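Enquirer: I would like to see how this sequence folds:
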Amino acid sequence: MEVNANFWKRLLAYFIDNAIYSTILILLTVPFWLATALGGWQLLLLLNIIVGWLYFALMESSAKQATLGKLALGIIVTDLFGQRISFGVATGRYFGKVLSLVPLCAGFVMAAFTERKQALHDVLLGTLVLNKNSSVVNNRPHQMPQGQNVRPILCGVTGNYAGQMIQIDDKGLIIGRDPLSCNIIVPSEAISRMHCIIKYDPRQNSFTLTDTCSSNGTFLASGVRLGKGQAIILKSGDRFFLAVKDNMFEVKA
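Expert: So this is what the prediction gives:
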């Protein structure tokens, strides 16, 4: 299945969502509008903003990661790594749609032409709209809560995954730029589409780090670069980085 939700699916979800929250808006507005002779339109405008904001921001930042319209079409909102977005990011995404509206909804139409099917507000907030059953969503690594003692794990030291702990399963983890091929996605031009693979051997209580012929190299923390296609054994506590030290990881077992 295609990873990114296409423009027409997103547009249909938008119409469904607008029908839903417009119904909510009417149900909330009519009693107040009838109860006052003044301020009816001002109230309608205010409620329109509040209802729309809470509807989209709360649902897209929830565990479902989608509004009712998106759920109906099997699409979800994520960050650039396929992970759930925060309420703050969802809020920025909602109000960022104002920029996508002008001129002539050009920011929305961008979703039909950009590589990752991003509208302008997605580009600005670093979000994606993905098909829920795509390989990227199904293969997302399991992030462990802080303080939970589960091994083996890959810990982000610097970069986009700093502070995160990701469990390494029996298949290992593929790190790279390509969301179709990798479990750990690092969206940087310095990172190859498939940069390296990290696996754990429970019998030896060790890890194997393999460079997958990356362009800019996989390095040990000491600065030693692995040869293209080279595999090296790591022990718990060892660190490595991709291309630059801004993409540093540590393995623990």
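
Enquirer: Can you name the next helix or strand after the lowest-mean-pLDDT helix or strand in the chain?
Expert: Lowest on mean pLDDT, DSSP states H and E among the helices and strands of the chain sits strand 143-144, with a mean of 54. Per DSSP states H and E, the first helix or strand lying C-terminal to strand 143-144 is strand 153-156.

Enquirer: other SSEs contacting that following strand?
Expert: strand 165-167, strand 248-252 (3 or more CB pairs under 8 Å, 6 or more residues apart in numbering; DSSP states H and E). Glycine gets a C-beta too; all of them are placed from N, C-alpha and C.

Enquirer: ok, and what's touching the longest one?
Expert: I take that to be strand 248-252. Strand 248-252 is contacted from outside by 151-159, 161, 168, 175, 198, 200, 207, 221, 234-242, using CB atoms under 8 Å, 6 or more residues apart in numbering.

Enquirer: How far off centre is the lengthiest helix in the chain?
Expert: The residue-count maximum for a helix in the chain (DSSP state H) belongs to helix 7-35. Mean C-alpha position of helix 7-35 versus that of the full chain (CA atoms, centre = their mean, to the nearest Å) differs by 27 Å.

Enquirer: Beyond that helix, next helix or strand please.
Expert: As assigned by DSSP H and E, the chain's next helix or strand after helix 7-35 is helix 40-60.

Enquirer: Quick one: closest of the helices and strands packed on strand 153-156 to L226.
Expert: strand 248-252 (13.6 Å; CB to CB).

Enquirer: What strands flank the closest one, and is each parallel or antiparallel?
Expert: Sheet pairing of strand 248-252 (DSSP bridges) gives strand 153-156 (antiparallel), strand 239-242 (antiparallel).

Enquirer: what pLDDT, on average, does the last one get?
Expert: For strand 239-242, the mean per-residue pLDDT is 98.

Enquirer: So what touches that strand?
Expert: Contact with strand 239-242 is made by 157-158, 175, 186, 190-191, 195-196, 209, 214, 216-221, 234, 247-251, as judged by CB under 8 Å, 6+ apart.

Enquirer: and if you look at the first one?
Expert: Contact partners of strand 153-156, identified using CB under 8 Å, 6+ apart, comprise 144, 162-168, 173, 184, 198, 248-253.

Enquirer: Next up, phi/psi of the residue nearest to L120 when sequence neighbours are not counted, please.
Expert: Spatially, and ignoring its direct neighbours in sequence, L120 is nearest to G107 (3.0 Å; CB to CB, 6 or more residues apart in numbering). Main-chain dihedrals, G107, degrees, to the nearest 10: phi -60, psi -30.
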